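Peer 1: Sequence first, then the predicted structure, then my questions.
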Amino acid sequence: MAEVDEQEPDDWQVELETAVLEGSCDIGIIRNICKGRQVPQELRPAVWKICLNVAGKGDSMESWDGVFDLPQQDVLRQDCLNLLEKYEDLAEEQLTLLSDMESVLTFYAKSRSLQYSPGNGWVDILAPLIPLRLPRQDLYNCFYAIMTKYIPRDCRVDGKPFHLFRLLLLYQDPELCNFLDTKRISAEQYALMWVQSLFASPCELSVVQPMWDLYLQQADPFFLFFLALVILVNAKEQILPMESEDKQVIIDTLRIFPAQLEAEDIEDFCALAQYYSSRTPQSFRKDYQYMFGGSLTAREDAGDEEMLSQALCLPVSVAELLQATEETNGDSVHYFVVDCRPADQYNGGHLSTAFHLDANLMLQVPTEFALAVQALFSAQRTAIAAGSVAGGEHLCFMGSGRDEEDQYVHMVVAHFLQRHTAFVSLARGGYHALYNELVKREEKGDSNFSVRTCIVSTAGEDVNGEPDGRTGAQGASLMNKLSSAVRQKSDVMKEQLSKIKDKLAEGAGPVERHVSSSDKLGKPYRGVKPVFSIGDEEDDHDEMDNFSVSDDEHEVVNLDTWLKKPDVIQHFPCQEVKDSGHLLPSHLLLTSTHMYVLRDNPDRKGMSFIQSRHALTEVVKITSKKRHPDLITFKYGISEEEGVQVTGMERFLIPEAATCTRFIKEQILKVLDATDS
């Protein structure tokens, strides 16, 4: 018997072909048959049309007048020709295919009042479709469906999709995200062509087509972000050692990383993306669904872009938090809820599964805060091991939901992110939103989720018209007991620390040291007392009350104009910390002789108040907390023979604190040198 060279198709391929030929096939049937496998080449045109829901659709281009008169028509035609020249097996059909490609892109641009520009991804989207030899009407329908369903709006520099992608990266790998942030590398600088071409630009056709097989089976527009996430996570070992490399070298390395994919990698690649997707909160999909779709009018709020770009971490809806408490699927996201409100609010009413971590401790009593954080991780491990509904690998922090009260909560979240803690999120709307959600469900008759069953109180009193001490059927939860134990232990430690501090105060004066680790302790500058020191600032709260800079109205200026002034040599974004605990977005601007503080105007985007102006010679001391080196205090005053007279003080959270203080120190020394000479 002669040997047969051709491999017999698997049963699932035969089943798929039969389903497609029957004509009643839909994406659900295809997904059940293929189960994440690549589609056979001969079935790909039919399967893709079914997945894109354009099978049997009419000719959308029949109303077109056939005129090619776009401003960039010649460029568009040449770009199409350049693509076709890559396909040697299509040489005989080149003229027909060129006409179809140019017609599709021209009609798409005209019908949607868009302009073609080189590198906008349109031609790249056609690249995997052209080898399918689709009729022109099917080519356009598939192209249109991909552009509207799977390519997010606003693919541009500083666009919303890239702010969202950064939050997803921060959630999964904060170390890598912080590295890129430190290098000032934003996602669109390396991933723009990934996103607007569905990886068709950086990858070979033999890779893109199998990737799209699995992508279209998912029918999930957000799947694109998780594919990109897998690329970055796999590039991590190569990227982190590049700390000393130029920024552009890192960007170029990341940009071409998808080109390393091979066809046999695709199923594992997509399986990893699905894994990351399953380990990510899902409520962001509903919040940002507007990024996709055919409507030319965006439905997002006006301030949404600013909210995304300034978001501290990935937000999670309170509805998803509640749903997670009854999920039994081991693959779903389970949360360890951390209630960061002050003790009186927490005692008045809190989610029964929440662990209490008072955010105020972070600045007021750092030693207690460190102890509480250790207890938090211990309680989390205990709850997970016990199989408790309160246990989860994912940390979700909860404030009150009122911005003026949640400034410290945001600082706590930032603290965990700086420690490269993965799976950190923030409950959107805080406890206020949680309570309202439970009231709403209770009114609808939901017995599983109500104030009575989900909220407990240890105070027995009404707080802001909310819980009044009802504990529900289960009584005090595991988290209540653990949080209570932490508070009791903290009280003991606080007393012990107070005694130690008193003993130290009896026999030792303050020890000061300079910002630079190479500076000698106590070494004076130019015969005056040390200007720069790092140490605990336990007494600074009183000084802040006495010397804080006034918050009276000041001159309003355009921030961008000021940043471009020729005399501005350094600019450091920061947050001013008021003695009330409020954090105010601000900017430190350094000239050769002065330091300016510009505070963002919340009512006028791009505008700022000139909050203060100080000659560098007025800076008499710069200090930071040992446990929080990014919390910097500037003291202003005059140096007299009997010592330094402090006349003012400002405190800031500065992400680049070490760099900032180094520049200011160097500039002060230059001013002093010039004065001496």
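Peer 2: Nice, I can see it. Values in this document were obtained by computation on a predicted structure and should not be read as measured data. Numbers count the residues shown, from 1 in each chain.

Peer 1: host element of Thr453?
Peer 2: helix 451-454 (DSSP states H and E).

Peer 1: what helices or strands is whichever helix or strand comes after that helix leaning on?
Peer 2: Downstream of helix 451-454, the next assigned helix or strand under DSSP H and E is strand 455-456. Here strand 455-456 touches strand 350-351, going by 3 or more Cβ pairs under 8 Å, 6 or more residues apart in numbering; DSSP states H and E. Backbone N, C-alpha and C define where each C-beta goes, glycine included.

Peer 1: Ile384 - nearest residue in space that isn't next to it in sequence?
Peer 2: Excluding its sequence neighbours, the residue lying closest to Ile384 (Cβ to Cβ, 6 or more residues apart in numbering) is Gly391, at 4.0 Å.

Peer 1: Am I right that that neighbour sits in a strand?
Peer 2: No. Going by DSSP: H, G, I helix; E, B strand; the rest coil, the assignment for Gly391 is coil, not a strand.

Peer 1: neighbours around it, how many?
Peer 2: 20 (other Cβ atoms under 10 Å).

Peer 1: Check the gap between it and Leu438 for me.
Peer 2: Gly391 is 21 Å from Leu438, where distance means Cβ to Cβ, to the nearest Å.

Peer 1: Pass me the low-pLDDT residue ranges in the stretch 1-150 of the chain, would you?
Peer 2: 1-9 (pLDDT under 70).

Peer 1: which stretches of it form helices?
Peer 2: With helices called from DSSP state H, counting those that start in this stretch, the stretch 1-150 of the chain shows them at 11-22, 27-34, 44-51, 73-84, 94-111, 122-126, 136-149.

Peer 1: The longest one vs helix 136-149, what angle?
Peer 2: This points to helix 94-111. With axes from the mean of the first three to the mean of the last three Cα atoms, to 10 degrees applied, the angle from helix 94-111 to helix 136-149 works out at 50 degrees.

Peer 1: repeat for the second one
Peer 2: An angle of 90 degrees separates the directions of helix 27-34 and helix 136-149 when computed by the same axes, to 10 degrees.

Peer 1: got the buried residues for helix 27-34?
Peer 2: Ile27, Ile29, Ile30, Ile33, Cys34 (16 or more other Cβ atoms under 10 Å).

Peer 1: now it, how far from the centre of its chain.
Peer 2: 33 Å (Cα atoms, centre = their mean, to the nearest Å).

Peer 1: phi, psi of Asp600?
Peer 2: phi -60, psi 140 (degrees, to the nearest 10).

Peer 1: Who are the contact partners of it?
Peer 2: Contacts for Asp600 (Cβ atoms under 8 Å, 6 or more residues apart in numbering) come out as Leu559, Leu584, Pro585, Ser586, His587, Met607, Ser608.

Peer 1: gap between the first one and Val597?
Peer 2: The reference is to Leu559. Taking Cβ to Cβ, one finds Leu559 at 12 Å from Val597.

Peer 1: can you tell me how far Asp446 sits from Tyr335?
Peer 2: Applying Cβ to Cβ, the value for Asp446 to Tyr335 is 20 Å.

Peer 1: actually Glu443, not the one I wrote
Peer 2: Counting by Cβ to Cβ, the gap from Glu443 to Tyr335 is 25 Å.

Peer 1: More neighbours: these two, which one.
Peer 2: Tyr335 (26 against 9).

Peer 1: And the pLDDT at the more buried one?
Peer 2: Predicted confidence (pLDDT) for Tyr335: 93.

Peer 1: any common contacting residues for Leu559 and Val597?
Peer 2: Counting by Cβ under 8 Å, 6+ apart, the residues touching both Leu559 and Val597 are His587.

Peer 1: So between the two, which is more surrounded?
Peer 2: Higher neighbour count among Leu559 and Val597: Val597, with 23 against 18, using other Cβ under 10 Å.

Peer 1: OK, contacts around the closest residue to Leu81 other than its chain neighbours?
Peer 2: Spatial nearest neighbour of Leu81, excluding adjacent residues (Cβ to Cβ, 6+ apart): Leu98 at 6.0 Å. Applying Cβ under 8 Å, 6+ apart, we find Leu98 in contact with Arg77, Cys80, Leu81, Leu84.

Peer 1: Met147 versus Leu98, what's the distance?
Peer 2: Counting by Cβ to Cβ - Leu98 and Met147 are separated by 20 Å.

Peer 1: what do you get for Pro315?
Peer 2: 28 Å.

Peer 1: Neighbour count: these two, which is higher?
Peer 2: Set side by side, Pro315 and Met147 show more neighbours around Pro315, with 20 against 17, by other Cβ under 10 Å.

Peer 1: which ones are touching the more buried one?
Peer 2: By Cβ under 8 Å, 6+ apart, the contact list for Pro315 reads Ser283, Phe284, Asp287, Ser425, Leu426, Ala427, Arg428.

Peer 1: how about a cut-off of 10 Å?
Peer 2: By Cβ atoms under 10 Å, 6 or more residues apart in numbering, the contact set of Pro315 is 167, 281, 283-284, 287, 307-308, 396, 425-429.
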